[in-house]
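Undergrad: Sequence first, then the predicted structure:
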Amino acid sequence: MNRHSVNWKGYIPAITTPYSEDGELDWKNWGRLLNWLVDEGMHGIVINGTTGEWFSQSFEEQKKLFKEAAKHIQNRIPVIAGCTAYTAEQVVELAKVAYEKNLSGILVALPPYIVPTEDEILNYFQYISDHVELPICIYNWPRGTNVDLSIDLVKKLCKIDKVVAIKNSTPDFGHFINTFFAVKDDIRYFGFPMNEVGYHLIKTHGGDGTMGAGAILGRVHPDFYNYLWKNEKEKALENGAKDGYLFRSFFNTDFSGKVASPQAITKEALNLRGLPGGYPRPPILPLTSEQRETVKAILNKIEGIQL
């Protein structure tokens, strides 16, 4: 497999998982959210990434989310299953369910907390590749893993058979760019800002897309790419500016939250828009009334969004 083995491109949000106030998975609103995302023109979705709060779910819940996503999406857009876990065997177990349900691929970060060496990281992904059927998107997530994958390591990871893409969430934009130019011909590369710089890199050098958080603004996010592909730069950047304002207002450059935890911010923003964000699960807490008003004020400053 390589970058040509998948059709992943454009805006592919890492989506939230709605819980009820008592912490139960809200299956009705999960289906409603998935259908809304398709109707808003997402180019794909990632389920159970960091934004999806996989870390507060049981294994059985994670598997059921894959099954329910397959049932609702019905292959209308690519669905990438977040399979990050503490062991490679656990990743493989989750990936088998994603494969059985005909999902498009799996997203895998390093095991949190462990801080493995480069040899251990290579062995980890090699084992996963040898035991799964689906293409793999590596998730470089320094904030959660305490490891920022080096360029040389990413180049080696590209040679592993099932690795076809990377979501590179490094806070170091120089490192992001240098890694992109080192591997762009081998794997799909995600994480571009939707601004003038991102526009140029994608149009001129073949960047693939953005795996953003939550798709809070709906079709605004994919429309950056839709207009980019049609060479309508001004319209692309108009949509990208809204995405950029939202990101800068809600999150820091390391992807931590400015107002509260990122998952809680994203869910409350969806709730305020009348969409099924739901509640977070502990240890993440819902927003206070003051934090909620801050989020509401930010949304109200975006043209076309009135609450």
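TA: Alright, I've got the coordinates. Numbers count the residues shown, from 1 in each chain.
Undergrad: pLDDT on stretch 102-110, on average?
TA: Here stretch 102-110 scores 98 as its mean pLDDT.
Undergrad: Kindly report the same for stretch 187-204.
TA: For stretch 187-204, the per-residue pLDDT averages 97.
Undergrad: Please apply the same query to stretch 143-152.
TA: Stretch 143-152 carries an average pLDDT of 97.
Undergrad: just stretch 232-247 next, same as before
TA: Taken as a whole, stretch 232-247 has an average pLDDT of 97.
Undergrad: just the helices in the stretch 101-250 of the chain please.
TA: Taking DSSP state H, counting those that start in this stretch, the helices of the stretch 101-250 of the chain run over residues 118-131, 142-145, 151-157, 173-183, 196-205, 220-229, 233-250.
Undergrad: which residues are in contact with the third one?
TA: If I follow you right, that is helix 151-157. Under the criterion Cβ atoms under 8 Å, 6 or more residues apart in numbering, residues 118, 121-122, 125, 138, 140, 149, 163, 166, 175, 178-179, 182-183 lie in contact with helix 151-157. Every C-beta, even on glycine, is put in place using the N, C-alpha and C of the backbone.
Undergrad: Out of these, name the two that are farthest from one another.
TA: Taking Cβ to Cβ as the measure, these reach their widest spread between Phe125 and Asn178, a distance of 20.7 Å.
Undergrad: the more surrounded of the two?
TA: Neighbour tally, Phe125 and Asn178, criterion other Cβ atoms under 10 Å: the higher count belongs to Phe125, 20 against 12.
Undergrad: wait, what's in contact with that one?
TA: With contacts taken as Cβ under 8 Å, 6+ apart, Phe125 has the following neighbours: 108, 136, 138, 157, 160, 163.
Undergrad: Narrow those residues to those in strands?
TA: Cross-referencing the contacts of Phe125 with the strands (criterion: DSSP state E) gives 108, 136, 138, 163 as the overlap.
Undergrad: is the third one in a bridge, and if so with what?
TA: Here Ile138 shows beta-bridge partners Val108, Ile166, assigned using DSSP bridges.
Undergrad: surely it meets Lys162?
TA: No. In this structure Ile138 lies outside contact range of Lys162 using Cβ atoms under 8 Å: 10.4 Å.
Undergrad: who's more crowded, the two?
TA: Taking neighbours as other Cβ under 10 Å, Ile138 and Lys162 compare with Ile138 leading, 25 against 21.
Undergrad: how far away is that one from Thr204?
TA: Remark: distance between Ile138 and Thr204 (Cβ to Cβ, to the nearest Å) = 24 Å.
Undergrad: Which pLDDT value belongs to Glu6?
TA: One correction, residue 6 is Val, not Glu. According to the per-residue confidence, Val6 scores 98 in pLDDT.
Undergrad: Would you agree Tyr86 falls within a helix?
TA: No. For Tyr86, which was evaluated using DSSP: H, G, I helix; E, B strand; the rest coil, the result is coil, with no helix membership.
Undergrad: So what's the residue count around it?
TA: 11.
Undergrad: Report how many residues lie close to the closest residue to it other than its chain neighbours.
TA: Here the nearest residue to Tyr86 in space, its sequence neighbours aside, is Pro111; by Cβ to Cβ, 6 or more residues apart in numbering that works out to 4.8 Å. Neighbouring residues of Pro111 were enumerated by other Cβ under 10 Å; the total is 20.
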